[in-house]
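Visitor: next comes the sequence, and after it the predicted model I'd like to discuss.
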Amino acid sequence: MAAAGVAPVRERFIASKERFHAYLKANGELGGQGGDKEEEEEASSEQSEPPAKRGRLGVQGQDGESPGEPEDGEKEPEDGEKEPEDREKEPEDREKEPEDREKEPVERKRARGQNKSRPCMKPNHYEKSRLCPSVTQGCEEKCYFGPRCRFLHDVGEYMAAKPPDLGHSCVLFETFGKCPYGVTCRFAKAHLGDGHQNVVNTELAKQWEGKSLVRNSLSKDLQHQLRKKEFTFKKADEYLRSLAKPHHNDRRGGKAPGHSAEGEEVSNSTTPEDGLEETSECPVLPEGGDPKAALVQSPHPTESEGGCPTKTAGTVTDEDIVKLRSCEKKKLEIQGKLYLAPLTTCGNLPFRRICKRFGADVTCGEMAVCTNLLQGQSSEWALLKRHHTEDIFGVQLEGAFPDTMTKCAELLNQTIDVDFVDINVGCPIDLVYKKGGGCALMTRSNKFEQIVRGMNSVLDVPLTVKIRTGVQEKMNVAHKIIPKIREWGASMVTLHGRSREQRYTRVADWDYIAECAKIASPMPLFGNGDILSYEDANQAMQTGVSGIMIARGALIKPWLFTEIKEQRHWDISSSERFDILRDFTNYGLEHWGSDTQGVEKTRKFLLEWLSFLCRYIPVGLLEHLPQKINERPPYYIGRDYLETLMASQNVDDWIKISELLLGPVPTNFTFLPKHKANSYR
């Protein structure tokens with residue numbers, strides 16, 4: 001019988017920690033038998049128990065507690081490798097006398113939150129001599145840096161110092177007939193001819209000529225105009241001026257036009273600092289520039305030095321005087337569909353392609369910070385990229401103020417191709433919350449209203465909102481806010497069944513989600529939380545929600561979408577799971593590149609994903625079905641070595657899996673997962 005809070009694995013597969021590590025160390029040669037005592041002791045000394053496994057499992061079983069779980073749908077900015085803090089560091093245990101340490105073992109704190117200040121491998125750490133991009137692109141005489149260029153221009157010198165190739169086949173060359181990375185490709189043997197010339201498969205390349213596989217990229221012209229603040233925002237400025245006009249009293253930053261009488265703040269004792277209010281007539285971006293889409297750029301600025309609008313010349317069109325009514329907007333018809341949550345770090349484009357292949361209907365990019373988008377940051381714009389296979393795709397924005405959020409919505413409305421825009425009102429991390437964004441907007445109803453109304457007024461696509469039950473654990477406020485969100489013009493709400501304080505320490509409250517679904521009608525409401533099997537999905541749909549959003553469940557087993565649609569448990573083999581990882585690496589090399597930098601970025605995101613995949617327990621090993629998302633997997637020996645290796649929560653074993661796919665790691669390579677509860681050394 002499994003202990004409370006531990007997944008019920010059949011007894012014949014259960015192993016001790018020592019036997020588990022000894023089996024992996026021997027590469028599966030122990031044949032299911034634990035090694036000798038000396039080997040077990042050695043493995044025990046090398047591997048420390050994961051702190052998460054030392055949690056109070058008795059309490060966990062009662063409350064569904066799963067301490068230290070990472071946030072999935074909420075943001076730490078991702079693709080740009082910026083990682084905000086999620087929780088304060090645990091205070092160090094006070095020092096004890098050596099004698100006391102020997103007599104009394106020190107009880108370690110449970111791992112929780114993020115690994116702060118984790119090492120970050122950058123390109124110059126694993127490739128000292130880099131070839132100039134102008135040489136790779138075949139235009140050496142037009143080197144952008146000129147005489148100041150610090151990169152190599154001699155291909156022979158570069159090849160002499162280049163690390164060895166990682167394989168004999170290049171996925172880019174085999175798929176598209178041409179590898180744009182040329183000699184810098186880590187699989188260059190597949191497409192290099194005499195004199196290091198890049199070989200092109202003309203017939204295959206013609207098939208892809210003119211086809212755009214990835215949309216929503218940031219062009220250099222647009223980035224330049226954003227950085228130089230050369231854009232104007234006709235619709236956004238008009239809306240923002242309407243906020244400022246009626247209010248010349250002591251209170252600054254008025255309510256949105258057409259606001260309801262219930263404009264007062266939602267009561268909550270843990271509110272963020274609300275002192276950051278918008279100023280007078282024409283609000284100025286606190287961090288971002290004054291961008292606008294190039295497609296609608298006017299030759300004359302709409303704001304003069306004094307901040308007043310100036311008249312523009314030209315013919316007046318219907319678009320200038322006729323506003324799109326809400327009933328004329330494109331409808332978001334996704335009721336009953338499977339919605340992949342906007343997952344930070346792991347919810348990148350290659351991962352979304354994997355989920356689409358397994359049956360995800362709706363996908364959403366990772367949360368992007370609006371001020372970073374307005375500043376033209378490439379790393380933030382990378383979060384908006386859309387693969388051509390993503391037929392229903394949205395982007396999620398985070399911000400705290402109506403000026404930046406409204407302007408960002410207008411910018412995206414004109415420059416990228418999306419089916420909906422989502423507002424993140426669920427992010428619990430301190431970095432976002434203390435600035436008034438994420439969950440904090442649930443306690444700032446005036447600003448929340450201004451943001452929703454403003455974004456809705458400038459968007460031609462539906463606007464959706466993702467919220468939590470509330471901020472404090474025992475103070476649910478979502479049922480009060482949802483009717484207002486419907487009135488403000490949002491097309492859909494997604495409710496995560498936990499509060500900010502709960503994080504993942506309790507099971508999702510689906511009874512409360514059902515109550516909110518009734519209140520939200522006729523506006524669609526999607527539920528989110530703790531779905532890891534088709535039974536969980538069926539129970540969730542019985543609550544009356546319009547659909548379900550899947551977050552951690554997709555990270556642990558992306559084939560969950562197939563299980564839900566086919567109403568079955570899939571006892572997927574280790575070789576099939578490994579093929580999924582191989583597909584992910586191929587998609588990663590296609591997306592991030594096949595040079596050293598692209599390979600290592602693919603490896604990084606693969607390792608982050610493996611920190612979730614190791615929680616999956618094969619169906620054939622369970623005593624009873626289904627596996628619950630808050631049950632911790634015990635140590636077990638799988639049906640083959642690869643299945644056991646994939647169950648390891650040790651970072652070194654994840655690195656070993658990555659080496660099977662991407663070759664040896666660079667010298668001095670280090671990796672620490674973003675969340676402390678995900679691994680141990």
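Guide: On my side now, so go ahead. Residues are numbered from 1 along each chain as shown.
Visitor: how about the helices in the stretch 351-500 of the chain?
Guide: In the stretch 351-500 of the chain, the helices defined using DSSP state H, counting those that start in this stretch lie at 370-374, 378-381, 402-415, 430-433, 445-458, 478-488.
Visitor: counting by contacts, list what the second one packs against.
Guide: Going back to what we said before, that points to helix 378-381. strand 368-369, helix 370-374 (3 or more Cβ pairs under 8 Å, 6 or more residues apart in numbering; DSSP states H and E). For the C-beta atoms, the positions are set from N, CA and C on the backbone; glycine is no exception.
Visitor: ok, Gly347 touching Ala360?
Guide: No - between Gly347 and Ala360 there is no contact under Cβ atoms under 8 Å: 11.0 Å.
Visitor: mind listing the shared neighbours of those two?
Guide: Residues within reach of Gly347 and of Ala360 at once, by Cβ atoms under 8 Å, 6 or more residues apart in numbering, are Leu340.
Visitor: ranking the helices of the stretch 351-500 of the chain by mean pLDDT, which is last?
Guide: Here the lowest mean pLDDT among these goes to helix 430-433, at a mean of 88.
Visitor: which stretches of the stretch 301-450 of the chain have low pLDDT?
Guide: 301-329 (pLDDT under 70).
Visitor: those strands in it, which residues are they?
Guide: If DSSP state E, counting those that start in this stretch is used as the criterion, the strands of the stretch 301-450 of the chain fall at 338-340, 363-364, 368-369, 386-387, 393-398, 420-425.
Visitor: reformat those strands as a markdown table; add distance to Ile572.
Guide: Below are the strands of the stretch 301-450 of the chain laid out as a markdown table (distance: least, Cβ to Cβ, whole Å):
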| stretch | distance to Ile572 |
| --- | --- |
| strand 338-340 | 18 |
| strand 363-364 | 22 |
| strand 368-369 | 33 |
| strand 386-387 | 24 |
| strand 393-398 | 27 |
| strand 420-425 | 31 |
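Visitor: which of those strands sits closest to Pro618?
Guide: Comparison of the strands of the stretch 301-450 of the chain against Pro618 by Cβ to Cβ identifies strand 338-340 as nearest, at 22.6 Å.
Visitor: could you report the neighbour count for Lys331?
Guide: Lys331: 8 surrounding residues under other Cβ atoms under 10 Å.
Visitor: Met541 contacts Ile564, doesn't it?
Guide: No - between Met541 and Ile564 there is no contact under Cβ under 8 Å: 9.6 Å.
Visitor: more neighbours: which of these two?
Guide: Comparing Met541 with Ile564 by neighbour count (other Cβ under 10 Å), the higher total belongs to Ile564, at 24 against 15.
Visitor: mind pulling up the pLDDT for that one?
Guide: We have a pLDDT of 97 for Ile564.
Visitor: that one: helix or strand, and which one exactly?
Guide: Using DSSP states H and E, Ile564 falls within helix 560-566.
Visitor: show me what counts as buried in that helix.
Guide: Across helix 560-566, burial judged by 16 or more other Cβ atoms under 10 Å covers Leu560, Phe561, Thr562, Glu563, Ile564.
Visitor: now do stretch 453-464
Guide: Arg453, Gly454, Met455, Asn456, Ser457, Val458, Leu459, Val461, Pro462, Leu463, Thr464.
Visitor: any idea how far apart the tips of that stretch sit?
Guide: Its first and final residues considered, stretch 453-464 spans 12 Å by Cα to Cα, to the nearest Å.
Visitor: where along the stretch 151-300 of the chain do the strands fall?
Guide: Taking DSSP E, counting those that start in this stretch, the strands of the stretch 151-300 of the chain run over residues 214-215.
Visitor: could you list the low-confidence segments of it?
Guide: Applying pLDDT under 70 to the stretch 151-300 of the chain flags residues 246-300.
Visitor: any chance you could map the helices in it?
Guide: For the stretch 151-300 of the chain, applying DSSP H, counting those that start in this stretch gives helices covering 155-161, 171-176, 202-208, 220-227, 234-244.
Visitor: could the ones you listed go into CSV alongside mean neighbour count and distance to Asn413?
Guide: Shown next, in CSV, are these (neighbours: other Cβ atoms under 10 Å; distance: least, Cβ to Cβ, whole Å):
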stretch, mean neighbour count, distance to Asn413
helix 155-161, 14, 44
helix 171-176, 19, 31
helix 202-208, 11, 29
helix 220-227, 16, 14
helix 234-244, 20, 9
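Visitor: with distance to His21 added, can I get those in TSV?
Guide: Output for the helices of the stretch 151-300 of the chain, formatted as TSV (distance: least, Cβ to Cβ, whole Å):
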stretch	distance to His21
helix 155-161	38
helix 171-176	34
helix 202-208	46
helix 220-227	49
helix 234-244	57
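Visitor: those: which one's closest to Ser521?
Guide: That would be helix 234-244 among those, by Cβ to Cβ, at 28.5 Å.
Visitor: which strands and helices sit next to that closest one?
Guide: Applying 3+ Cβ pairs under 8 Å, 6+ apart, one finds that helix 234-244 contacts helix 402-415, helix 445-458.
Visitor: can you add distance to Arg19 and give these back as JSON lines?
Guide: Listed next are these as JSON lines, based on distance: least, Cβ to Cβ, whole Å:
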{"stretch": "helix 402-415", "distance to Arg19": "54"}
{"stretch": "helix 445-458", "distance to Arg19": "54"}
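Visitor: for Thr644, find the nearest of these.
Guide: Among the helices and strands packed on helix 234-244, the nearest to Thr644 by Cβ to Cβ is helix 402-415 (45.7 Å).
Visitor: gap between the nearest residue to Val619 once chain neighbours are set aside and Lys557?
Guide: Leaving aside its chain neighbours, Val619 sits nearest to Asp571 (4.0 Å; criterion: Cβ to Cβ, 6 or more residues apart in numbering). According to Cβ to Cβ, to the nearest Å, Asp571 stands 11 Å off from Lys557.
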